[in-house]
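> take this sequence and fold it.
(one chain, ligands or ions: 1)
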Amino acid sequence: MYEMEDEEPPHAVPMLEGNEAWEPDIKRDAQKNVPVTLITGFLGAGKTTLVRYILSENHGYRIAVIMNEFGEGVEGCYFHTPEGKKANLGEWVELSNGCLCCAVKSEFVQAIEALMQKKDNFDYILIETTGLANPGPVAAALWTDDELEAGVQLDSIITVVDAVNIGKQLHDRRPEGIANEAQVQVAYADVVLLNKMDIAGEEAVTQAVAHIRAINSSVEIIHTTQSIVDLSLILNRQSFKAHSRVVLDTIIETEEDSFNPTAVSATSDTPSKDLNGIAARPGTGHGLRAVSLGRKSSDHLSLAEVGYHGDHHSHNHSHSHSHPGGHALHDNDIQTTTLRCSRPLDLEKFKEFVDSLLWDHEKHSEDIYRLKGELYISQSSKKYMIQAVYELYNISEVSDWGVQESPRSSLVVIGRHLQKEKLQEDFNACSR
Ligand SMILES: Nc1nc2c(ncn2[C@@H]2O[C@H](COP(=O)(O)OP(=O)(O)OP(=O)(O)O)[C@@H](O)[C@H]2O)c(=O)[nH]1
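Alright, predicted model coming up:
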């Protein structure tokens with residue numbers, strides 16, 4: 001087994017003998033950040049099966065993997081690749097000291113930092129969380145601005161779901177103060193792999209889709225067996241790019257009456273203008289601007305303190321505010337709603353609204369996991385876009401509105417205890 005010395009960066013591990021001559025088909029531009037896909041999902045859903053599958057496929061990426069295993073340590077440092085397939089060069093970092101989301105400031109950041117010292121050896125990073133993890137804090141830590149020195153860029157959050165057992169897992173009550181991890185994992189997802197289709201009955205699948213949609217109506221659901229999926233649907237999706245095509249599509253699909261799809265696709269590759277970078281709660285030092293690798297942050301929202309507080313932890317973190325994952329969940333606690341406004345929004349008022357929605361739990365009792373939206377901003381002919389994950393958000397100018405589009409704002413909100421009417425009122429108030 002490959003073991004990492006305490007202070008030593010991880011070494012590249014050949015996955016199979018005889019792959020020295022292998023060259024990736026796709027080379028990362030040396031200037032670009034390394035994309036990171038976060039793979040989450042409840043216990044036994046098929047996360048490791050997915051990682052194994054990705055590593056065994058000939059996609060052209062050289063992939064480094066960070067696994068978060070409890071107790072036993074990493075289960076293996078290389079996978080058996082099916083005959084005839086090209087092997088990847090992988091790197092492994094074991095995080096065995098507790099849950100990934102609670103270790104982000106220490107082990108996780110060190111692991112990424114150590115890995116990035118060897119960044120010439122890989123093009124892509126996969127992170128597999130434990131089955132009980134809240135992916136929010138980890139995702140937020142990885143969501144960087146392109147210009148930042150961290151060198152990594154959150155690509156997307158993939159949640160693997162066990163089609164047979166998800167109904168029970170989503171509705172298992174937790175003691176007061178403890179989140180239902182399965183719901184939170186679905187809430188954060190860009191893509192759900194509805195796995196174990198080989199053993200799930202038709203009725204179970206229909207119900208599983210309904211349960212997932214009830215939580216995250218905008219998520220893309222892909223049915224899989226053995227986590228086998230077209231990798232172009234989950235790797236390099238760029239879900240967190242300001243001009244993300246997949247996110248724009250998501251917003252459109254969530255609309256009751258959709259925009260003209262031709263007009264939208266015409267905008268999808270237009271470079272965006274980031275207005276203010278990724279916004280974090282003032283004083284938290286959150287966001288990669290502050291969470292950039294190796295940088296110490298002493299704020300109360302440090303990533304070591306936030307995140308999952310499940311019963312697998314022997315320690316407790318105290319919080320003066322509620323946040324995603326911090327309270328008991330009840331059936332349908334987590335939902336999606338889409339706010340709409342046809343009048344132009346005042347950008348400053350809208351930012352104040354988002355600030356309070358994400359950070360001011362006196363004013364907004366909701367816990368917000370994700371925001372995605374297209375915005376019609378006053379005194380601008382441009383379409384804007386907002387994305388938020390956990391407690392970070394980013395507003396960007398994306399493109400001109402399509403000639404056949406009627407400018408208006410649509411904001412997809414995924415969160416817990418959503419007060420939909422009040423949210424719509426507050427959203428409308430941004431236009432006055
Ligand atoms: N029948 C069936 N079994 C599957 C499928 N995908 C994975 N499994 C099995 O389900 C079990 C759990 O799969 P893993 O990939 O280890 O799941 P995981 O999400 O990594 O599990 P944890 O690390 O415990 O959270 C293994 O025995 C897999 O072989 C599938 O599509 N169908």
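> continuing past the host helix or strand of Leu50, what's the next helix or strand?
Using DSSP states H and E, Leu50 sits in helix 47-56. Downstream of helix 47-56, the first helix or strand assigned by DSSP H and E is strand 63-67.
> now do the buried residues in stretch 50-64.
50-57, 59-64 (16 or more other CB atoms under 10 Å). Where C-beta positions appear, they are placed from N, C-alpha and C, glycine not excepted.
> again but with stretch 399-412, I slipped
Per 16+ other CB under 10 Å, stretch 399-412 contains these buried residues: Ser399, Trp401, Gly402, Glu405, Pro407, Arg408, Ser409, Ser410, Leu411, Val412.
> what about it, start to end distance?
19 Å (CA to CA, to the nearest Å).
> helix, strand or coil: sort out Ser356 for me.
Assigned by DSSP: H, G, I helix; E, B strand; the rest coil, the conformation of Ser356 is helix.
> enumerate the residues of the stretch 151-300 of the chain near the ligand.
Val160, Asn195, Lys196, Asp198, Ile199, Thr225, Gln226, Ser227 (CB under 6 Å from any ligand atom).
> ok, of these, which one's closest to Asp120?
Asp120 lies nearest to Ser227 out of those, by CB to CB, at 29.0 Å.
> that closest one contacts Gly46, doesn't it?
Yes - using CB atoms under 8 Å, Ser227 is in contact with Gly46, at 4.5 Å.
> intersection of neighbour lists for those two?
The overlap between the contact sets of Ser227 and Gly46 (CB atoms under 8 Å, 6 or more residues apart in numbering) consists of Val160, Leu193, Asn195.
> burial measure for the last one, as a count.
Right, Asn195. 29 (other CB atoms under 10 Å).
> mind listing what the nearest residue to it once chain neighbours are set aside touches?
In space, and not counting its chain neighbours, Asn195 is closest to Gly46: 4.1 Å by CB to CB, 6 or more residues apart in numbering. Gly46 is in contact with Val160, Asp162, Leu193, Asn195, Lys196, Thr224, Gln226, Ser227, counting by CB under 8 Å, 6+ apart.
> how about CSV for the buried residues of stretch 399-412, with distance to Glu366 added?
Below are the buried residues of stretch 399-412 laid out as CSV (distance: CB to CB, whole Å):
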residue, distance to Glu366
Ser399, 30
Trp401, 30
Gly402, 32
Glu405, 29
Pro407, 27
Arg408, 23
Ser409, 19
Ser410, 18
Leu411, 13
Val412, 14
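> Val186 belongs to a helix, doesn't it?
Yes - counting by three-state DSSP, Val186 is found in a helix.
> which residues touch it?
Listed by CB under 8 Å, 6+ apart, the contact set of Val186 reads Thr159, Val161, Leu170, Val192, Ile212, Ile215, Asn216, Val219, Ile334.
> please enumerate the strands of the protein.
Assigned by DSSP state E, the chain shows strands spanning 12-14, 34-41, 63-67, 89-94, 124-128, 152-162, 191-195, 220-223, 273-279, 334-341, 367-376, 382-389, 392-400, 409-416.
> now those strands as TSV including mean pLDDT?
Converted to TSV, the strands of the chain look like this (pLDDT from 0 to 100):
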stretch	mean pLDDT
strand 12-14	34
strand 34-41	93
strand 63-67	82
strand 89-94	48
strand 124-128	89
strand 152-162	94
strand 191-195	98
strand 220-223	97
strand 273-279	61
strand 334-341	92
strand 367-376	91
strand 382-389	90
strand 392-400	87
strand 409-416	92
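> reformat the ones you listed as TSV; add distance to Leu142.
Shown next, in TSV, are those (distance: least, CB to CB, whole Å):
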stretch	distance to Leu142
strand 12-14	21
strand 34-41	5
strand 63-67	11
strand 89-94	14
strand 124-128	8
strand 152-162	4
strand 191-195	16
strand 220-223	20
strand 273-279	11
strand 334-341	22
strand 367-376	15
strand 382-389	9
strand 392-400	10
strand 409-416	19
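> if we compare the ones you listed, which one ends up closest to Cys430?
Taking CB to CB, strand 334-341 is the member of the strands of the chain nearest to Cys430, at 7.3 Å.
> bridging residues for Gln387?
Lys372, Asn394 (DSSP bridges).
> so Val138 is in contact with Thr129, correct?
Yes - between Val138 and Thr129 there is a contact under CB under 8 Å: 6.7 Å.
> which stretches of the chain have low pLDDT?
1-31, 68-111, 144-150, 177, 242-332 (pLDDT under 70).
> mind doing that once more with 50?
Flagging of the chain using pLDDT under 50 yields the residue ranges 1-28, 70-91, 94, 96-105, 146-148, 256-271, 284-330.
> returning to what we had before: could you identify the most distant pair in the contacts of Gly46?
Largest separation among those by CB to CB: Asp162 and Gln226, giving 12.4 Å.
> which residues are in contact with both of the two?
Common neighbours of Asp162 and Gln226 (CB under 8 Å, 6+ apart) are Gly46, Asn195.
> the helices in the stretch 101-250 of the chain, which residues?
109-116, 136-142, 166-171, 181-188, 202-215, 245-254 (DSSP state H, counting those that start in this stretch).
> ok, Arg237 touching Val191?
Yes - with contact defined as CB under 8 Å, Arg237 and Val191 form a contacting pair (7.4 Å).
> which residues are common contacts for those two?
With CB under 8 Å, 6+ apart as the test, Arg237 and Val191 both reach Ser156.
> out of the residues of the stretch 151-300 of the chain next to the ligand, which are buried?
Here, 16+ other CB under 10 Å leaves Val160, Asn195, Lys196, Ser227 buried among those.
> now do the contacts for the first one.
Val160 sits next to Ile39, Thr40, Gly41, Ala45, Gly46, Lys47, Leu50, Val192, Leu193, Asn195, Ser227 when contact means CB under 8 Å, 6+ apart.
> number of nearby residues for the residue nearest to Val164 when sequence neighbours are not counted?
Closest residue to Val164 apart from its sequence neighbours, by CB to CB, 6+ apart: Ala200 at 4.9 Å. For Ala200, the count of nearby residues is 21 (other CB under 10 Å).
> pick out the residue of the stretch 101-250 of the chain closest to the ligand.
In the stretch 101-250 of the chain, no residue comes nearer to the ligand than Gly131, which is 3.2 Å away by CB to the nearest ligand atom.
> roughly how far apart are the residue lying closest to that residue once chain neighbours are set aside and the ligand?
Distance criterion CB to CB, 6+ apart; nearest residue to Gly131, sequence neighbours excluded, is Leu43 at 3.3 Å. Note on Leu43: its distance to the ligand, by CB to the nearest ligand atom, to the nearest Å, is 4 Å.
> isn't Leu43 right up against Leu132?
Yes - using CB under 8 Å, Leu43 is in contact with Leu132, at 6.9 Å.
> residue numbers of the stretch 1-150 of the chain in contact with the ligand?
Going by CB under 6 Å from any ligand atom, the residues of the stretch 1-150 of the chain near the ligand are Gly41, Leu43, Gly44, Ala45, Gly46, Lys47, Thr48, Thr49, Gly131.
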